[in-house]
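Engineer: Just the structure for this:
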Amino acid sequence: MKTPIIILHERDNVGIARADIDTGDTILDDILAINAIKSGHKVATKDIKTGDSVLKFGQHIGTASTNIQRGEHVHIHNITAERKENANSASSKWQSSPPETKATFQGYVRADGSVGTRNYIGILTTVNCAATVARQIAEQAKTQLANYPNVDGVVALTHTTGCGTSSSGEGTDNLRRTIAGFAQHANFSAVLIIGLGCEANQLSVLLEKQSLTESDRLKTLQIQQVGGTRHAISQGLEIVENMMEEANKARRSEVSASHLSLGLQCGGSDALSGVTANPSLGVAVDMLVRQGGTAILAETPEIYGAEELLLNRAETETVSQDLLERIAWWEDYVARNKQELNNNPSPGNLAGGLTTILEKSLGAVAKSGSSPLCGVYQYAEIIKQKGLVFMDSPGYDPCSVTGEIASGANMICFTTGRGSVFGSKPVPSLKIASNSNLATYMDEDIDVDAGQVAMGTESVEDVGARIFQLILDTASGHQSKSEEFGFGDMEFVPWQIGATI
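Structural biologist: Numbering: from 1, shown residues only. Sure, this is the predicted structure:
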């Protein structure tokens, strides 16, 4: 019989409820529950004095704001998010042992050697003013898809910016890198970029700054130059139909898993995310890295308080300094905007049992596995490096994933405890539930149930192996749950920084 709580580390003074616990229930040996405790929430396993560290994962997740008795519910009413230096958690040197078998998948090999997991036609815009034209071209082109069975779809990815801002600076740089990353993405057979003509984000400057050149795979169109909306739609549709005809010639072939670039994401997290789904995904990440693939960790605000776990794994001092610089940028950024990084977790996170950003971050980092951190990248910066890397981004899921895809991710794995319904085009997203209740009642949205880890019926290694196999299958064409629903057209959200004037 499993105990009603999970204790993650011998140093911990709290445990996590496997299921709802009633007042008076025995939770461990002679410890009785003083309060009713919901599944995923914390309960004290030792007496904790005011000012003492509350420990989970063997790490500091907050400071007791009052005396806490063993058996008492531990949450926002008796913990503050005060930071303290955590114990050095560096493990023994990571060994990249060769895999027993070489993993492969069926992918689309492009002329430049990149490999896609899908075969889409993309329509991008320089500015919001071109959004309607782009969407109407896509909608009309979709009516012809039955004639092109090897084309996965035509998608217009539009945004709300591109003008009313500076023609240079952080925000414009982010937007240009994002558009350029999607324009070159291996999951697109070809891309059309549409501009208005007078916007701040000039099409010619975008091409020059991002070293993009028109070709059979990349075409451009400016609405003002071709005579307005009707002419732009007509000419754009002709361009896209020619692209569809060429894209239909593409065929999948067997390629090494080293061509996979996996974006890692968590959203709608609960207290079990860091116990089940995230560490299980971390196992899959280590498997992919051993195969020569790439994994992209992101969401800088959601590693805050746990950054030392990554710093301990940095391959070089340069990598460490790059990560510390991004965290320092965020501390300054939120201060300028009269916010603080500790304002996370969200209401849903709190309801799921997470209490502080420190606790959330420790669980979030678990999805990166144990591989060395070998690089730190700006938002939407193209990643050609193999291994585990970090890309700077907000914790807002659509924005973070948009950056990961622009950086080259051709697969996304997304863990959730409360129930995210996210998907993205042109890249398939697999959603991994932290608890079996979620996997059951939102079964049409969840691809993997990691909840059995909490029940003790599966190990993180077992679930991680299942995730890795599903990554290979999905990269080869198996549809994810979000793809079945058609998610992805509206989830293109470049990171906006700076004033709109």
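
Engineer: And stretch 244-256, what's buried?
Structural biologist: Using 16 or more other C-beta atoms under 10 Å as the test for burial, stretch 244-256 gives M244, A247, N248, A250, R252, V255. To be clear about C-beta, it is placed using only N, CA and C from the backbone, and glycine gets the same treatment.

Engineer: can you check stretch 161-171 too?
Structural biologist: For stretch 161-171, by 16+ other C-beta under 10 Å, it's T161, G162, C163, T165, E170, G171.

Engineer: quick check, nearest of those to T474?
Structural biologist: Of all the buried residues of stretch 161-171, T161 has the smallest distance to T474: 31.3 Å, by C-beta to C-beta.

Engineer: so the closest one touches P494, yeah?
Structural biologist: Yes - T161 lies in contact with P494 (C-beta atoms under 8 Å); the separation is 7.0 Å.

Engineer: And the average pLDDT for stretch 227-246 is what?
Structural biologist: In this model, stretch 227-246 has a mean pLDDT of 98.

Engineer: Check which residues of that stretch are buried.
Structural biologist: A232, I233, Q235, G236, L237, I239, V240, E241, M243, M244.

Engineer: Could you pull up phi and psi at V109?
Structural biologist: phi -90, psi 120 (degrees, to the nearest 10).

Engineer: Next, count neighbours for it.
Structural biologist: 17 (other C-beta atoms under 10 Å).

Engineer: Distance check, it against T117.
Structural biologist: 11 Å (C-beta to C-beta, to the nearest Å).

Engineer: do the same with I497
Structural biologist: Distance from I497 to T117, by C-beta to C-beta: 30 Å.

Engineer: Looking at those two, which is more packed in?
Structural biologist: More neighbours surround T117 than the other of I497 and T117, with 26 against 16 (other C-beta under 10 Å).

Engineer: so what's the backbone phi/psi at the residue lying closest to H478 once chain neighbours are set aside?
Structural biologist: Leaving aside its sequence neighbours, H478 sits nearest to L470 (C-beta to C-beta, 6 or more residues apart in numbering; 7.6 Å). With angles defined as degrees, to the nearest 10, L470 sits at phi -70, psi -30.

Engineer: So for L470, what's the pLDDT?
Structural biologist: For L470, the predicted pLDDT is 98.

Engineer: number of nearby residues for it?
Structural biologist: L470, neighbours per other C-beta under 10 Å, totals 19.

Engineer: what does the one 4 residues further on give?
Structural biologist: By the other C-beta under 10 Å criterion, the neighbourhood of T474 contains 22 residues.

Engineer: cool, S114 as well?
Structural biologist: 18.

Engineer: Pull out the C-alpha coordinates of stretch 148-159 and format them as CSV.
Structural biologist: Provided in CSV are the C-alpha atoms of stretch 148-159 (Å, rounded to 0.1, in the frame of the first residue of the first chain):
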residue,chain,number,x,y,z
TYR,A,148,-2.4,18.0,-53.0
PRO,A,149,-2.6,15.0,-50.6
ASN,A,150,1.1,15.4,-49.5
VAL,A,151,0.6,18.9,-48.3
ASP,A,152,-0.3,19.1,-44.6
GLY,A,153,-2.0,22.5,-45.0
VAL,A,154,-1.7,26.2,-45.8
VAL,A,155,-1.5,28.4,-42.7
ALA,A,156,-1.5,32.2,-42.4
LEU,A,157,0.4,33.2,-39.3
THR,A,158,-0.4,36.8,-38.5
HIS,A,159,0.3,39.1,-35.6
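
Engineer: Just the residues contacting it, thanks.
Structural biologist: Applying C-beta atoms under 8 Å, 6 or more residues apart in numbering, the contact partners of stretch 148-159 are 118-125, 128, 130-131, 134-135, 137-138, 141-142, 145, 175, 182, 189, 240, 244-245, 247-251, 425-426, 488-489, 492-494.

Engineer: Can you flag the buried ones in those?
Structural biologist: The buried subset of those (16+ other C-beta under 10 Å) comprises 118-125, 128, 130-131, 134-135, 137-138, 141-142, 175, 182, 189, 240, 244, 247-248, 250, 425-426, 488-489, 492-494.

Engineer: quick one: common contacting residues for T161 and P494?
Structural biologist: Here T161 and P494 have L175 as joint contacts, going by C-beta under 8 Å, 6+ apart.
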